[in-house]
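Asks: Give me the fold of what follows.
(one chain, ligands or ions: 2)
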Amino acid sequence: TQSTRPQRLLAAVHKKATRGNPRSVVKAIDEFCNQNEWAMNVGNEKGEILDSVVSETNPGCVLELGTYCGYSTVRIASLLPPHAQLITLEFNPDNAAVARQVIAWAGVAEKVRLVEGESGEWIPKMKEQFGVKTFDLVFLDHWKNRYLLDTKLMEECGLLKKGSVLLADNVVCPGAPDYLEYIRNSPQYKSQFFKSHLEYTKAEDGLEKSVFLG
Ligand SMILES: O=C(NC/C=C/[C@H]1O[C@@H](n2cnc(C(F)(F)F)c2)[C@H](O)[C@@H]1O)c1cc([N+](=O)[O-])cc(O)c1O
Ligand SMILES: [Mg+2]
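Replies: Numbering: from 1, shown residues only. Ligands and ions are numbered 1, 2, ... in the order given. Got it, this is the predicted structure:
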């Protein structure tokens, strides 16, 4: 039977990356996507911006919306301080199965909680199910037409506190216009655009960093 792209990406990780070395996993995926098959990982150029935001935020509790194959999950987890936790939501069980193995191979599994399901169901359960108080950092990289809905849901569920950082991928390509319009015009956020390029291409893209003002 035919393999899927995530399965071929995982095979490249097993073949090229060193078990327990998160940077080698990131490098193996980027090489696979540059040389073999494009895939919708945040990539290295935007990934370095993600790394800098994670490092400066020094978060104790992180939410990622959209695990996909676990590329950004591994980037974030490898930069977390001890005892910090990353909860990552993935809707597609096949993608989740690949991501679990990428995360395990990178050796960051103890910092990561991969939850299978949809944001509308799980965001309201974060406090009761995982003992989350608020998120210090949220990385939005799931369906672009859900960014705004889920941001409002996180506000309503009291999951953001003064200083919480939202970092959204793809605000240019494919774009999240309703999210951008809301977040840039809301008095409750201070936003900053980081111009970059769509992963593994020359197309324009960028990340939007927004700090919740409470
Ligand atoms: O569509 C893109 N990303 C969509 C990403 C979608 C991924 O997020 C999961 N998800 C859905 N809901 C949840 C949650 F969290 F709600 F449970 C998680 C989906 O199952 C999928 O694995 C995309 C597209 C391009 N591109 O160039 O077309 C480039 C990119 O960087 C992209 O991220
Ligand atoms: Mg993306």
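Asks: Next one: Pro82, what pLDDT does it get?
Replies: Here the pLDDT value assigned to Pro82 is 86.
Asks: Count the residues that sit near it.
Replies: By the other Cβ atoms under 10 Å criterion, the neighbourhood of Pro82 contains 5 residues. No exception for glycine: its C-beta is placed from N, CA and C like everyone else's.
Asks: and what of Lys195?
Replies: Lys195 is flanked by 10 other residues according to other Cβ under 10 Å.
Asks: What of Leu86?
Replies: 25.
Asks: Check the one 4 residues further on too.
Replies: Around Glu90 there are 26 other residues, counting by other Cβ under 10 Å.
Asks: Give me the phi and psi angles of the residue nearest to it when sequence neighbours are not counted.
Replies: Using Cβ to Cβ, 6 or more residues apart in numbering and skipping the chain neighbours, the partner closest in space to Glu90 is Thr67 (3.7 Å). Geometry field for Thr67 lists phi and psi as phi -70, psi -40, criterion degrees, to the nearest 10.
Asks: Please apply the same query to Gln85.
Replies: With angles defined as degrees, to the nearest 10, Gln85 shows backbone torsions of phi -130, psi 140.
Asks: in the sheet, who's paired with it?
Replies: In this structure, Gln85 has the following beta-bridge partners (DSSP bridges): Cys61.
Asks: Am I right that it is in contact with Cys61?
Replies: Yes: with the criterion set as Cβ atoms under 8 Å, Gln85 and Cys61 qualify as a contacting pair; they are 5.8 Å apart.
Asks: Could you check which of those two has the larger neighbour count?
Replies: Taking Gln85 and Cys61 together and counting by other Cβ under 10 Å, Cys61 has the greater number of neighbours (21 against 18).
Asks: what residues are up against that one?
Replies: With contacts defined as Cβ atoms under 8 Å, 6 or more residues apart in numbering, the neighbours of Cys61 are Ala84, Gln85, Ile87, Val132, Lys133, Thr134, Phe135, Asp136, Leu137.
Asks: What's the separation between the last one and ligand 2?
Replies: Read that as Leu137. With the distance defined as Cβ to the ion, to the nearest Å, Leu137 ends up 16 Å from ligand 2.
Asks: Run through the residues that contact the closest residue to that residue other than its chain neighbours.
Replies: Leaving out its chain neighbours, the residue that sits closest to Leu137 by Cβ to Cβ, 6+ apart is Pro59, at 4.1 Å. Residues counted as contacts of Pro59 (Cβ under 8 Å, 6+ apart) are Leu80, Ala84, Phe135, Asp136, Leu137, Val165.
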